[in-house]
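In: Sequence plus predicted model, see below.
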Amino acid sequence: MANKESLFLTAAKKVYQHYRPAMWRTLYRTMHKMDSDQQMSRWQATWTISLMGALMMQYGRRTKKLAREIRRDLFRALITNCDRITPETYHLATTSQRYHLILQITRQLHEEMSAKYPDVAPTVQKVTFRRSETRDGKKRTRADATYYDRHNHICYYTHILTYPFDEVIDTIAHEYTHALQKARHSAMPQFILDFLDTHHHSHFRAPYALRPDEVEAARIGALIRYNVNGNFAKFCEKYGRD
């Protein structure tokens, strides 16, 4: 089995290396098109957005730097508002404690970021929860949370209260990345975000997993989610905690 897996991975790497130059050329052309031609038909814009989302790779320094900054401010918010709840003890917290903690650390995260970047402040005016089920018991949405950019509102759905801590942190970071994108403090070039705003309808017609803003938010959420307990312990050790 190990031999077969090794052969498969070797073959996959060879295929990737063969097509990698073509992928980079396509990515460059797509970015150039978005930068130089903001006026496209709805179909062309949808295709361009989807192609961008499929080709973009959020592994650069800017993405990692932004993820570290959000993680640091999230941990500061957790220490400020934890009330003896830590990543290690989150599973023992009641539903009510989790509810208030998620709201508090999101608001505190925004305060920390707004203090450093004043233009970020208007992007989050409200943080709330909404029931995941309708009155007749049907699930309202598959999403864990939503950022309403027109209303500067982060809304969490109550089913995340059953999630483990690392998944909750992922959700918070994901939605907050959207707020930073609105303020143009994301790791993506500004002209891509401008293109998404210009072609708002085409953006939502593109498959969710291929939207560039969702690709970036998912990547940053995953980076922050990775080894939450270990990173929180290092943060406490570095900055001290009573």
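Out: Cool, got the structure. Only a predicted model underlies this, so the values are computations on that prediction, with no experimental measurement involved.
In: what helices or strands is whatever helix or strand Arg29 lives in leaning on?
Out: In this structure, Arg29 is located in helix 2-36 according to DSSP states H and E. Other helices and strands packing on helix 2-36, by 3 or more C-beta pairs under 8 Å, 6 or more residues apart in numbering; DSSP states H and E, are helix 42-55, helix 190-198. All C-beta spots, glycine's among them, are computed from the backbone N, C-alpha and C.
In: Now do the last one: which elements does it pack against?
Out: Yep, that's helix 190-198 we're talking about. Taking 3+ C-beta pairs under 8 Å, 6+ apart as the contact definition, the neighbouring helices and strands of helix 190-198 are helix 2-36, helix 42-55, helix 212-225.
In: Which of the ones you listed comes out lowest on mean pLDDT?
Out: Mean pLDDT is lowest for helix 2-36 out of those, coming in at a mean of 76.
In: still on that earlier bit, buried deepest among the helices and strands packed on helix 190-198, which one?
Out: Among those, the stretch with the highest mean neighbour count (mean count of other C-beta atoms under 10 Å) is helix 212-225, at a mean of 22.
In: quick one: average confidence on the helix or strand immediately after it in the chain?
Out: Past helix 212-225, heading to the C-terminal end, the next element that is a helix or strand (DSSP H and E) is helix 228-239. The average pLDDT within helix 228-239 is 87.
In: Run the chain-centre distance for helix 228-239.
Out: Relative to its parent chain, helix 228-239 has a centroid offset of 21 Å by C-alpha atoms, centre = their mean, to the nearest Å.
In: tally of neighbours for the closest residue to Thr123 other than its chain neighbours?
Out: Closest residue to Thr123 apart from its sequence neighbours, by C-beta to C-beta, 6 or more residues apart in numbering: Ala179 at 4.2 Å. For Ala179, the neighbour count with other C-beta atoms under 10 Å is 24.
In: any idea how far the closest residue to Pro122 other than its chain neighbours lies from Glu175?
Out: Distances taken as C-beta to C-beta, 6+ apart place Asn152 nearest to Pro122, at 6.3 Å, with adjacent residues excluded. When C-beta to C-beta, to the nearest Å is the yardstick, Asn152 and Glu175 sit 12 Å from each other.
In: again with Tyr239
Out: 25 Å.
In: who has more neighbours, the two?
Out: Neighbours per residue, other C-beta under 10 Å: of Tyr239 and Glu175, the larger number sits with Glu175, 22 against 11.
In: Please report the distance of the more buried one from Ala11.
Out: Applying C-beta to C-beta, the value for Glu175 to Ala11 is 39 Å.
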